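1. heads up, no residue letters with this:
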């Protein structure tokens, strides 16, 4: 089955630093990847849609300069949280859609970010 | 935009019982409805989905029904087991972008 790998699974960083999260599709090519944020006991909130080779489309209210998304290849998208603050602490999840397959999007295992 | 309502928020059942989770959607153009299971500290996993041209789909102990007229769809889990305990999310999306809008989730607890 389609596998999406997210790295790291957890990270702790100091306020003011930047953190990069990687999302890889291991056995398929993904023209579209999605980045979500999830607070405890809440649903997934779509942050942005990332298309290979083009700029990401951000949802309303998401700061594009703070959450930098790069989708440089058909198997890799990265989310960089710049100048992180404690309120950025959250569970970040990516998903990817197989460009040749059906419409299902497959999720990574998530990254727990804690900013201290 | 699309709005997906999901009920109940918490569901507690005894092992072997059935569990039903219900969702409603607002956009009549939505035509793809996936269900995800999320275990603690992990990403969501697709467990079953249904398209608007189908009224029901079954996969072993899991089934999903769709009523397009009423704009609601449901997840049915029979013979529940403790390992079914997790948070379940329904979602709805529209052809073209297929970007899902998620419900708020249902925490299913199966007591042994």
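-> Sure, I can see it. These figures come from a predicted structure and were not determined experimentally.
2. C-alpha only now, for contacts and for neighbours.
-> Will do.
3. Over to residue B:70: give its phi and psi.
-> Taking degrees, to the nearest 10, you get phi -90, psi -10 for the backbone angles of residue B:70.
4. Give me the neighbour count for it.
-> 11 (other C-alpha atoms under 10 Å in any protein chain shown).
5. Check the gap between it and residue B:27 for me.
-> In this view, residue B:70 and residue B:27 are 11 Å apart by C-alpha to C-alpha, to the nearest Å.
6. swap in residue B:63?
-> Going from residue B:63 to residue B:27 by C-alpha to C-alpha gives 23 Å.
7. Could you do residue A:73 as well?
-> When residue A:73 is compared with residue B:27 (using C-alpha to C-alpha), they lie 33 Å apart.
8. Residue B:105 too?
-> 19 Å.
9. So the two - more neighbours on which side?
-> Remark: of residue B:105 and residue B:27, residue B:105 carries more neighbours, 27 against 15, as counted by other C-alpha under 10 Å.
10. what's the neighbour count on the closest residue to the more buried one other than its chain neighbours?
-> The shortest distance from residue B:105 to any residue other than its chain neighbours is 4.5 Å, reached at residue B:89 (C-alpha to C-alpha, 6 or more residues apart in numbering or on different chains). Residues contacting residue B:89 under the criterion other C-alpha under 10 Å number 26.
11. so what's residue 27 up against?
-> No chain in the question, so chain A it is. For residue A:27, the contact set (C-alpha atoms under 8 Å, 6 or more residues apart in numbering or on different chains) comprises A:2, A:3.
12. Let me rephrase: I mean chain B.
-> Contacts of residue B:27 (C-alpha under 8 Å, 6+ apart): B:1, B:2, B:3.
13. again with residue A:35
-> Taking C-alpha under 8 Å, 6+ apart, we find residue A:35 in contact with A:46, A:47, A:48, A:49, A:50, A:79, A:92, A:93, A:94, A:95.
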